[in-house]
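Undergrad: Provide a 3D model corresponding to the input given below.
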Amino acid sequence: MKVLFLVQKDQRAILDRLYEGVAAHCECEMRWLGSEEQRNLRGYFRREVDVSRYDRIVFFLRFKQEIRQAGFIRTIPNLVILEHDAYQNYIPCKYTGKFSAHYRRMPWARIITSGFVVGERLRAEGFDAVFVPKGYDQALLQDQGRERDIELAFVGSTSSAAYSARKALLDELARVEPLVVTRTNSGDEYRDTLNRIRFFVSADVGMGEFMIKNFEAMACGCVLLAYDQGAAESNALGLEDMHNVVFYQDIAQLQEKLRRLRADPQLAERIACNGRDLAVSQFSFARIGQRIVEELEPALRARAPLSFLQTVRLNLGI
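TA: Below you'll find the predicted structure:
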């Protein structure tokens, strides 16, 4: 299977290992599109792409740019959209409902979403949606076995509107526990900071899925204190409360479980080890890349024929 994989050139997350994981399992041509190329996909395809050469064309681009060009995107054959932000379709934010509206314009495209329940909801709306979770960069992030001198912490952003509930929960927790909330540079500084943390607080409130930081913290040997996303999401990932993760639904429950873990360090260590082993075996980008390719392989839905005007525009390159 020959795959054209179009990704963002300037992306905050470092996803090179994910792309390598995909390329290891198919004949993959990777292309990194800058902002201007993403804003003018019609022009980019006219200059640079012979669509007949590929069995799958995979988009992992900015949704903000995709939705402005749906008229052209729907003309692309063998289209698969990899999307890590489709949970925003179902939470109060500027993209509420917009993913569904976009996908309705190309219902034959396959959507690979990083949330199990999000995928179920998209399928219920009639889309060809499949689930492959987020993961972590196994080449960068490992448990270093060092002393953990930060007991309770969160590392990451709380500034965007999509993270407002996250910030509220962390602010509430910080009023009653010695919580450290910080940001780091990507790379070694981030890895080293995770390796200093005993209990990592994941506050993905209302998102319906687990963000990438959960898997990163687990891989680095933190005890993951994760906001409970419900049994369906947890079961799909193999997450078990008080076995390889610690779930909470509110601050009071989080504090009660923290008291138990502080009183029983061996229990905390077992949970950390089990979580790390699960992350290493199931959520490395090498494994996630393989799973993405597995979801590319089944036959796609038949694409609707182009209208006369679309055919003319496509032939004229306009």
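
Undergrad: contacts and neighbour counts: CA atoms only from here.
TA: Noted.

Undergrad: for the closest residue to residue 25 other than its chain neighbours, what are its contacts?
TA: Setting aside the residues directly before and after it, residue 25 is nearest to residue 290 in space (CA to CA, 6 or more residues apart in numbering), at 6.1 Å. Residues counted as contacts of residue 290 (CA atoms under 8 Å, 6 or more residues apart in numbering) are 21, 22, 24, 25.

Undergrad: residue 105: which of those residues is nearest?
TA: residue 22 (26.9 Å; CA to CA).

Undergrad: surely that closest one meets residue 292?
TA: Yes. Applying CA atoms under 8 Å, one finds residue 22 in contact with residue 292, separated by 6.7 Å.

Undergrad: pLDDT score for residue 81?
TA: pLDDT for residue 81: 98.

Undergrad: coming back round to it: and residue 22 and residue 292? which has more neighbours close in?
TA: When neighbours are counted by other CA atoms under 10 Å, residue 22 and residue 292 differ, and residue 22 comes out ahead with 24 against 20.

Undergrad: for ChimeraX, write a command that selects the buried ones of the contacts of residue 290.
TA: In ChimeraX syntax, the buried subset of the contacts of residue 290 is picked out as below (16 or more other CA atoms under 10 Å):
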select :21,22,25
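
Undergrad: tell me which of the contacts of residue 290 fall in helices.
TA: 21, 22 (DSSP state H).

Undergrad: just the contacts of residue 290 now: which is nearest residue 192?
TA: residue 21 (24.0 Å).

Undergrad: just checking, the closest one touches residue 283?
TA: No. The pair residue 21 / residue 283 is not scored as a contact, 11.5 Å apart, by CA under 8 Å.

Undergrad: how near is residue 236 to residue 230?
TA: As for residue 236, its distance to residue 230 is 10 Å (criterion: CA to CA, to the nearest Å).

Undergrad: what does residue 182 give?
TA: 27 Å.

Undergrad: swap in residue 157?
TA: Separation of residue 157 from residue 230 (CA to CA): 23 Å.

Undergrad: confirm residue 6 sits in a helix?
TA: No. Counting by DSSP: H, G, I helix; E, B strand; the rest coil, residue 6 is not found in a helix; it is strand.

Undergrad: could you give the number of residues near it?
TA: Residues lying near residue 6 (other CA under 10 Å) number 19.

Undergrad: likewise the one 5 residues further on?
TA: When counting by other CA under 10 Å, one arrives at 11 neighbours for residue 11.

Undergrad: so it, which state does it fall into?
TA: Under three-state DSSP, residue 11 falls in the coil class.

Undergrad: name the element residue 64 belongs to?
TA: Element membership for residue 64, per DSSP states H and E: helix 63-66.

Undergrad: what are the contacting residues of the next helix or strand along the chain from that helix?
TA: Helices and strands here follow DSSP H and E; after helix 63-66, the next one along the chain is helix 70-73. Contacting residues not belonging to helix 70-73 are listed as 41, 42, 66, 102, 105 [CA under 8 Å, 6+ apart].

Undergrad: could you redo the last one with a cut-off of 7 Å?
TA: 42, 102, 105 (CA atoms under 7 Å, 6 or more residues apart in numbering).

Undergrad: what of stretch 85-93?
TA: Applying CA under 7 Å, 6+ apart, the contact partners of stretch 85-93 are 95, 96, 97, 98, 99, 113, 118, 161, 162, 206, 207, 208.

Undergrad: give the contact list for the fifth one.
TA: If I follow you right, that is residue 99. Each residue near residue 99 by CA under 7 Å, 6+ apart is listed here: 86, 89.

Undergrad: average pLDDT for stretch 13-26?
TA: Averaging pLDDT along stretch 13-26 gives 94.

Undergrad: going by neighbour count, which residues in it are buried?
TA: The neighbour-count check on stretch 13-26 (16+ other CA under 10 Å) flags 15, 17, 18, 19, 20, 21, 22, 23, 25, 26 as buried.

Undergrad: repeat for stretch 126-140
TA: Across stretch 126-140, burial judged by 16+ other CA under 10 Å covers 127, 128, 129, 130, 131, 132, 133, 134, 135, 136, 137, 138.

Undergrad: name the SS class of the fourth one, please.
TA: I take that to be residue 130. Following three-state DSSP, the label given to residue 130 is strand.
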